[in-house]
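K.L.:
Got a predicted model here, sequence first, then my questions.
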There are 4 protein chains.
Amino acid sequence: MTDLFLTEKEITMSTNGKPVIILKPAPQLRDRIFSPQTLARLKAEFDVVDLEVNPSEELFQQTLPSAFAIIGQPDLDANALEKAQSLKALMNVEGNFFSNVDYPIAFRNGVRVLGCGTAYSQAVAEYSLGLALDLARGISREDRASRRRQERYVSASNADAILLRRATVGIIGYGNLGKSFHRLLEPFNTQVRVFDPWIPNSVLEDANVLPSTLEETIAKSQFVFVFATATSESEHLINSENMKLFQDGTRLILVSRGAVVDYESLLPHLKSGRILAGIDVWPEEPLPSDSPFRDLETVVLSPHRAGGIPQAFYSIGEMVLDDLRLIVRGLPPARMQAAAPELVGRYRNKPVS
Amino acid sequence: MTDLFLTEKEITMSTNGKPVIILKPAPQLRDRIFSPQTLARLKAEFDVVDLEVNPSEELFQQTLPSAFAIIGQPDLDANALEKAQSLKALMNVEGNFFSNVDYPIAFRNGVRVLGCGTAYSQAVAEYSLGLALDLARGISREDRASRRRQERYVSASNADAILLRRATVGIIGYGNLGKSFHRLLEPFNTQVRVFDPWIPNSVLEDANVLPSTLEETIAKSQFVFVFATATSESEHLINSENMKLFQDGTRLILVSRGAVVDYESLLPHLKSGRILAGIDVWPEEPLPSDSPFRDLETVVLSPHRAGGIPQAFYSIGEMVLDDLRLIVRGLPPARMQAAAPELVGRYRNKPVS
Amino acid sequence: MTDLFLTEKEITMSTNGKPVIILKPAPQLRDRIFSPQTLARLKAEFDVVDLEVNPSEELFQQTLPSAFAIIGQPDLDANALEKAQSLKALMNVEGNFFSNVDYPIAFRNGVRVLGCGTAYSQAVAEYSLGLALDLARGISREDRASRRRQERYVSASNADAILLRRATVGIIGYGNLGKSFHRLLEPFNTQVRVFDPWIPNSVLEDANVLPSTLEETIAKSQFVFVFATATSESEHLINSENMKLFQDGTRLILVSRGAVVDYESLLPHLKSGRILAGIDVWPEEPLPSDSPFRDLETVVLSPHRAGGIPQAFYSIGEMVLDDLRLIVRGLPPARMQAAAPELVGRYRNKPVS
Amino acid sequence: MTDLFLTEKEITMSTNGKPVIILKPAPQLRDRIFSPQTLARLKAEFDVVDLEVNPSEELFQQTLPSAFAIIGQPDLDANALEKAQSLKALMNVEGNFFSNVDYPIAFRNGVRVLGCGTAYSQAVAEYSLGLALDLARGISREDRASRRRQERYVSASNADAILLRRATVGIIGYGNLGKSFHRLLEPFNTQVRVFDPWIPNSVLEDANVLPSTLEETIAKSQFVFVFATATSESEHLINSENMKLFQDGTRLILVSRGAVVDYESLLPHLKSGRILAGIDVWPEEPLPSDSPFRDLETVVLSPHRAGGIPQAFYSIGEMVLDDLRLIVRGLPPARMQAAAPELVGRYRNKPVS
C-alpha cells in the first residue's frame, strides 16, 4: 500500500526547527482573529511568516515550497499548489471560499482545505433569536415610542405580541447556522419545519424537525428564519410568488445573505404591516440613505452585524491554532470544517467589506 | 374521622342544576381573560353570576351563600367569608394578592385561595431573554442608529457585543419567573448564580444553579436578571451600595417590580455607560416625560409590557375553567397556584393600572 | 383582618429556647432518613423529643401541646389535634398517607400536612429507565444465558432488540414519578402519550406529551410505564380487557403499586412472550416461592426496590430539616409537598413492610 | 481553474441509464443492512451489480471501470483504483476500515471514502446507559437472586445502590460513541470528565465537559465509560497501574474494544467487589467456557451485543441510499462519515465475526 496520505509528505521545518506557516489573512485582519495570547502561542510553536506585516510577493513565493500550512486564502493556482509540496492545510479565516484557489488540485494533493464558518454560528444564532423575540414583542418599536414620549403601558402596546413557546417555526437552510439556531429553540417547544434541499429527510427527522417544501415552510410558520447561503440556486429563493404564502403576522428573520431574498417584492408586505421582519443583510450595503426600508415601523434594522463580534473573531484564531497542533501530530483537524469538494465552487458569497 | 375536608361542604347547585360561580374579575377584565370560546364553555358548565356586567352589591351578597367559587378578588372580610358557606375556591385573576380578603379565615374555612401568577411567567421569561439579547448585541441601539442614517456595518458597531453562551448569569428571585426564565437559558451553557432567601440551597443545587449571596450574584455575573417580587424585605434590594459591585459592561434586566431597585442610584451607572439595562418596570408609571432615563443610549426602554400579552391573559381564563372542572370532581386544582398562607400577607405589589 | 394565619400561633419554645419537635418516624426509621450530620443539625436547631428512642405514650401526650412540628405520622384524632395548639407541620416521612390522622381538622387548624413522596421520584425514575433499557435489549436475559454458557454473540441475541430513541412511550400516571421519569426521556426523542385523569390536557400539552385515553396509551406505545398510585379508582386499571390492546413486543414497566394491575391476567401474555415486563411491585410480597412469574424469561424480576435507596432515604431527612428552617422563619416549605386536602383520604397504599 | 473536482469525472451510466453500483458488502450481509424496501429503492435508482449473489471476480473487474460507487470494502490496491476511473464513493458498511484498500490513492483520486460508524452509536449509547443503570442498582443481580428464591425486598438489597443524577462520570473516548452517549446523560445533571487525546480542550469545554487526563478521569468518576477505539496507542490504555485509581464502588462500562483494557489485571478488582463492571467486549470471543469472569456477581456479562441490533443494521442501508442520491446530484454525503485520511490507517479493529 502507498504510504499513508499525510505522513508521506514530511513536515518541512524551518531552520529554527518549527513547521513553517504562511500568515496572509486578508481580507481578514491578523489582530482581529488572533488575541495577543493566541498569536504569542502560534509564534512559539510555529515559524510564522507574517505577510500581513510584510506583504512581499517574493517572500510568499519563496516560502511556499516549505509551507506546512497557509492561514488565509491567497491566490493559489495549479502552478502555485504544485510548488507547495509540503502544504497540508489551507485555512480559510474569512468565512467564504472564493475562486482564487484551484481547489481540485488542492484536494488531489491532499491539502486539507478548512473553513471557519462555525466561528460565527453561535453569534448569528443568538442574534437571530434576539431579532425574533424583538419582533414577537415589539421591543425596539416600543423603545422608540418611549423616546418619542408616545409609549403605551402594559397591554396597550401588546395587541400583536406573541409567544415563541409552542409557535410554528420555519428554518430555511439547516447548515451550521440553522443547526446552531435550532439548539436555542429547544426550551420553547416549538414545531419546526425545515427546508434544505441538500439534506436527506432522515437527517432532519433525527434532528426532530419536519422536513418540508419551501412553500410549506413559508406558509405554515409564524416565525421564518432564512439561513440559506448564496448559491446560484438560492438567488431570490424568497420571491414575489412565495412571499404571498406568508401568514399575516409572520415574523421573518433575514441573517444569511441578501441575494436569497427579493427585497423589492418584500417591501409592500412590510409597508402594509402584513408581516414583520428583522433584517441584517441587504442587497446593497450600506443601505442607501433614502431606502424605503429605513423608516418602517415593522422592521428591525440591522447593519450586517449578526456574526462579526469579538468572541467570534477570536475563536477563529483559536480554531486555527488548535487544528495546527492536531495536524502536526498527524491527527485530523477538530475545529475548522473540511470544505466539501462538491460545494466549494458553488458558493456565491462575496467578502463582507 | 371528620368527614373529608372538601366533600363535607356540599356543592350548592343553582336552580338550573349547575354550581354557582361569582364572576367579579376587576381590576382584571372578563373579556381580556376569557376568550369567547372559554367563556361559552364556562357558562355551559357553571351558573355564572356576572358582576362585571351587573355590578350590583345586592346581587353579590345574595349569591355569596350559594357560591361554589369566586373568580376575582372582591372584598371579603371575616363576615362575608362566614356567609360563603359553600365557597371552595377564590380564584385571583389579576396576579397580585391584596389585603381586602381575610385570608386566614378563608384558609380556615377550607377555601382554596388560588393565584394566576404562572400565567405571565413564560411571557416575562421570553421578554427578559429578548431584552438580554438586545443588550448583549445592541439590537435596538443600532436600529435607532440606522434610522438616523448613522449605522456602522459589520464589526464597527460590535465592539461591546458579547455572547450569552457560556456567560455568567445572575438571577435574583427564583420563583415562577426565575424558573421559567432559567429553562430558556438551558441551551446557552451559562453558569448561573441565584439569590433567593426563600429557597433552600438544596433546591437550587438540584436546579443546577449556584446558590449565592446577593453580593456575589451581582459581582460575578455578566447578565443580572431581577425577578424578585415586592415585599417589605425586598425594597431597594438593589441599592447604591451593592450597585458598585456590578462588573463593567454588566447587562441588567429589570422586569419584576420597580420597588426592588433604587433607580436614582442606578442612573449614574447607566449615564456613564458602565452598565447597560433593559427596564420594564419603573418607580412611577407612566415614566415622567422629562425622566433622564428616556434618552439614554445604554437603556432599552419598555413600558411595563413584559407579561401582559393576549396569550397570557387568555391562559388565565383557561386555567380558571380547567381548575373549576377539577374542583367540582373533588380533585385538587392543577393549573392555578395555591397561595401560601405564610406569604399571602407579605406582598406589596400594587395592581398595574 | 384576622391576624396572619401562621403567625397568630406563637412558636412555643422549649426551656432551652428552641422550637419543640416530636420525632416519631415509624414505620420509617430515624437513622435511615437522617444521616448523622443531618440529625446533629436537627438537634442543634430544635428541641427534638425522640419517641423512637423513647416510645412513651405519656411523653407524646405531654409534648403535644407545645409541639411546633411532628416528624412522622402518629395517631392524631380530632382530640389530639385540638390539644396540639402550637402545631404547624405534620411531616410524613414514609411516603404514604394513612387514615390514622384526622386530616380535615389538621387543615382547619392551619397545620401544614407535608409528604415526602418526591424523595423517591428520581430513584424510581432511574430504575424505570434501567428496566426499560434492559427489556429493550435483553440485558439481564443474556447475562443469565452467559452464566449458563449459552450466550449468543453479536446480532444472534439481538433479534428482538429495539431502540428507545424515537420509540412510542406510554406513561400511566403523571404525578411525581411520571414527571421525573419523563425528564429522563428527553434526549431520546420519543413520542409520549400520557393517561392521567387528574390532570387537564393543557398541562400535559405544555409538558410536550399527548393526552390520551388509557386504551390509546396501551395500544399505541412500544414502552408502557405504570406510575399510577393505588386508589379505589385505579384498582386493576390494567386488566384482562385492556391488556389485549398491548402491541406484540410491548415492554411493560410496573413500579408503582401492585393493586393497579391484574397480575393473573397478565401472566399468559408474559408466558407466551407476546409482551415483556419489568416488575418491581407484586400483589403479594414476598412473591410466593412457587409463583409462575419467577421463571419467566420475558420478565425482569425485581423485589420492590425501585425507590428505597440510601440517597432517597437520606434526602427525606434533609427535606425535613430544610423545611423546618423555613417554617420557623414564617416561610412556606419548599421541599416537601403539601398534601392535597382533596386527595389525602383517597390513597389506598399500604406501608411497605 | 481546474474543473470542479467531482464533476470532472462524468457519472458513467449503465445501458439502462442508471449509475453503476458494485454491491460487495462482505463481511457484512446485504439483507441485514438493506430492508426489502430500501433494497428495492436502491435497485430502482441504480444499476446494482450484486457480487454477494454472484461473487465473480471477473464480474468485479469488468464492472470496476464504470462503477460510480462501491458498497463494501473489496480489495482495492493502487492498480484497481486506477482502473476505477468513474469511482466517486467507497462506502464501508461494516464499521471498521481494513488495510486491503490503498486509501491514499483513493483520496488522491477524489474518491469519497465513507464509513458507517454512526449507525451503531445510538444503539451502543443506549446499551451503555442500560449497563450503567443496571450496575448502579443491581438490576440483573437481584433478578438472578429472585430466580434463586433469595431476593431481598425493598432496602435490604439496596445498600450499594446509587443514583446517576449528579454523579461524577468519566468518558474515555469522545468520538461518535462518546458523543451519542453524552447526550443521554443530559437530564441527569452529572459532572462529566472526558479523556480524549485527539480532541482539543476547547471542543470538550464547548460540549460542557471537563477535559481531563486519563488518570483524573479514572480517579474522579463514579461511573467510567470506555468508548476508545483500538489503535496502537490505545492498547491496554486501562492497565494494572491506573486501575488502582478507580474509586471503591466505581461502575465501569466496557463497550468499545477488548484490546483497550487489560482484563487479567481487572479480574481481581472485580473478584474483590471493589469495582463493578458491565462488559460487552472480551479479549477473546466467545469468552472461554471456564473464564473466571463468568460467575462474578459484580459483573453484567454481555456477549458483544451493544451495537448490532436490527435498527442499526437497517440504518446502514438507508445511509447508503441517502448518500448515493446526494452524490449523484453533485452534493456531499450527509449521513455516512468521511474517513479522515490521517486516521484511516491507524485503526486496529478486527471485523466482528
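P.N.:
Structure received.
K.L.:
From the contact counts, what lies against the helix or strand containing residue A:327?
P.N.:
Following DSSP states H and E, one finds residue A:327 within helix A:310-328. Packed against helix A:310-328 by the contact rule (3 or more C-beta pairs under 8 Å, 6 or more residues apart in numbering or on different chains; DSSP states H and E) you find helix A:30-33, helix A:36-45, strand A:67-72, strand A:89-91, helix A:121-137, helix D:201-206. C-beta: built from backbone N, CA, C; applies to glycine.
K.L.:
Now render the ones you listed as a markdown table, adding mean neighbour count.
P.N.:
Output for the helices and strands packed on helix A:310-328, formatted as a markdown table (neighbours: other C-beta atoms under 10 Å in any protein chain shown):
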| stretch | mean neighbour count |
| --- | --- |
| helix A:30-33 | 18 |
| helix A:36-45 | 14 |
| strand A:67-72 | 26 |
| strand A:89-91 | 25 |
| helix A:121-137 | 27 |
| helix D:201-206 | 16 |
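K.L.:
would a markdown table of these with mean pLDDT and distance to chain B be doable?
P.N.:
As requested, those are exported to a markdown table (pLDDT from 0 to 100; distance: least, C-beta to the nearest C-beta, whole Å):
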| stretch | mean pLDDT | distance to chain B |
| --- | --- | --- |
| helix A:30-33 | 98 | 7 |
| helix A:36-45 | 98 | 17 |
| strand A:67-72 | 98 | 18 |
| strand A:89-91 | 98 | 20 |
| helix A:121-137 | 98 | 3 |
| helix D:201-206 | 96 | 8 |
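K.L.:
will you turn these into CSV that also has distance to chain C?
P.N.:
Formatted as CSV, the helices and strands packed on helix A:310-328 follow (distance: least, C-beta to the nearest C-beta, whole Å):
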stretch, distance to chain C
helix A:30-33, 35
helix A:36-45, 34
strand A:67-72, 38
strand A:89-91, 34
helix A:121-137, 18
helix D:201-206, 18
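K.L.:
Just put those in JSON lines and tack on distance to residue D:342.
P.N.:
Below are the helices and strands packed on helix A:310-328 laid out as JSON lines (distance: least, C-beta to C-beta, whole Å):
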{"stretch": "helix A:30-33", "distance to residue D:342": "25"}
{"stretch": "helix A:36-45", "distance to residue D:342": "19"}
{"stretch": "strand A:67-72", "distance to residue D:342": "14"}
{"stretch": "strand A:89-91", "distance to residue D:342": "11"}
{"stretch": "helix A:121-137", "distance to residue D:342": "25"}
{"stretch": "helix D:201-206", "distance to residue D:342": "16"}
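K.L.:
Tell me which of these sits nearest to residue A:14.
P.N.:
Set against residue A:14 and scored by C-beta to C-beta, the helices and strands packed on helix A:310-328 come closest in strand A:67-72, at 9.4 Å.
K.L.:
Now do the closest one: distance to the chain's middle.
P.N.:
22 Å (C-alpha atoms, centre = their mean, to the nearest Å).
K.L.:
In its sheet, which strands sit next to it, and in what direction?
P.N.:
Note on strand A:67-72: by DSSP bridges, its sheet partners are strand A:20-24 (parallel), strand A:89-91 (parallel).
K.L.:
what's downstream of the last one, the next helix or strand?
P.N.:
Okay, so that is strand A:89-91. Sequence order places helix A:103-108 as the next helix or strand after strand A:89-91, per DSSP H and E.
K.L.:
I'd like to know which residues of the stretch 201-350 of chain A are adjacent to chain D.
P.N.:
Residues of the stretch 201-350 of chain A lying close to chain D (C-beta under 8 Å from any C-beta of the partner chain) are A:202-203, A:318, A:322-323, A:325-327, A:330-332, A:334-335, A:338, A:340-345.
K.L.:
Just the buried ones among these, please.
P.N.:
A:202-203, A:318, A:322-323, A:325-327, A:331-332, A:334-335, A:340-345 (16 or more other C-beta atoms under 10 Å in any protein chain shown).
K.L.:
Do a quick rundown of the strands in chain A.
P.N.:
Counting by DSSP state E, one finds strands in chain A at the ranges A:20-24, A:47-50, A:67-72, A:89-91, A:112-115, A:168-172, A:191-195, A:210-211, A:223-226, A:251-254, A:276-279, A:299-301, A:337-338.
K.L.:
Can you list the strands that the last one pairs with?
P.N.:
Which is strand A:337-338. Sheet pairing of strand A:337-338 (DSSP bridges) gives strand A:112-115 (antiparallel).
K.L.:
So for the strand it pairs with, mean pLDDT?
P.N.:
When pLDDT is averaged over strand A:112-115, the result is 97.
K.L.:
tell me how far it is from the chain's mean position?
P.N.:
The answer for strand A:112-115 is 15 Å, by C-alpha atoms, centre = their mean.
K.L.:
ditto for stretch A:50-65
P.N.:
Taking C-alpha atoms, centre = their mean, the mean C-alpha location of stretch A:50-65 is offset from the chain mean by 28 Å.
K.L.:
any low-confidence regions in chain A?
P.N.:
Scanning chain A for pLDDT under 70 picks out A:1-10, A:346-353.
K.L.:
Give the burial count for residue A:248, as a bare number.
P.N.:
When neighbours are counted by other C-beta atoms under 10 Å in any protein chain shown, residue A:248 registers 9.
K.L.:
what's the spacing between it and residue D:147?
P.N.:
65 Å (C-beta to C-beta, to the nearest Å).
K.L.:
before we move on, what about residue A:98?
P.N.:
In terms of C-beta to C-beta, residue A:98 sits 69 Å off from residue D:147.
K.L.:
Would you mind listing what in the stretch 151-300 of chain A touches chain C?
P.N.:
A:189, A:206, A:208.
K.L.:
count of residues packed around the closest residue in space to residue A:145 that isn't next to it in sequence?
P.N.:
Among residues not flanking residue A:145 along the chain, residue A:151 sits closest, at 4.7 Å (C-beta to C-beta, 6 or more residues apart in numbering or on different chains). Neighbour count for residue A:151, taken as other C-beta under 10 Å: 22.
K.L.:
Relative to chain C, which residue of the stretch 201-350 of chain A is the closest?
P.N.:
Proximity of the stretch 201-350 of chain A to chain C (C-beta to the nearest C-beta) peaks at residue A:208, 5.4 Å away.
K.L.:
show me what contacts that residue?
P.N.:
Contacts for residue A:208 (C-beta atoms under 8 Å, 6 or more residues apart in numbering or on different chains) come out as A:192, C:189.
K.L.:
what does the one 3 residues further on give?
P.N.:
If a contact means C-beta under 8 Å, 6+ apart, then residue A:211 has A:193, A:194, A:195, A:201, A:204, A:205 as its contacts.
K.L.:
looking at it, residue A:234 is touching residue A:259, isn't it?
P.N.:
Yes: contact status for residue A:234 versus residue A:259: in contact at 7.3 Å, counting by C-beta atoms under 8 Å.
K.L.:
Between the strands of chain A, which one is closest to residue D:110.
P.N.:
strand A:112-115 (12.8 Å).
K.L.:
buried ones in the closest one?
P.N.:
Quick answer for strand A:112-115 (16+ other C-beta under 10 Å): A:112, A:113, A:114, A:115.
K.L.:
what does stretch A:225-245 give?
P.N.:
So, applying 16+ other C-beta under 10 Å, buried residues of stretch A:225-245: A:225, A:226, A:227, A:228, A:229, A:230, A:231, A:234, A:237, A:238, A:242, A:243.
K.L.:
Let me have these in a markdown table, extended by distance to residue C:59.
P.N.:
Below are the buried residues of stretch A:225-245 laid out as a markdown table (distance: C-beta to C-beta, whole Å):
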| residue | distance to residue C:59 |
| --- | --- |
| A:225 | 69 |
| A:226 | 75 |
| A:227 | 72 |
| A:228 | 77 |
| A:229 | 79 |
| A:230 | 83 |
| A:231 | 84 |
| A:234 | 82 |
| A:237 | 81 |
| A:238 | 80 |
| A:242 | 81 |
| A:243 | 81 |
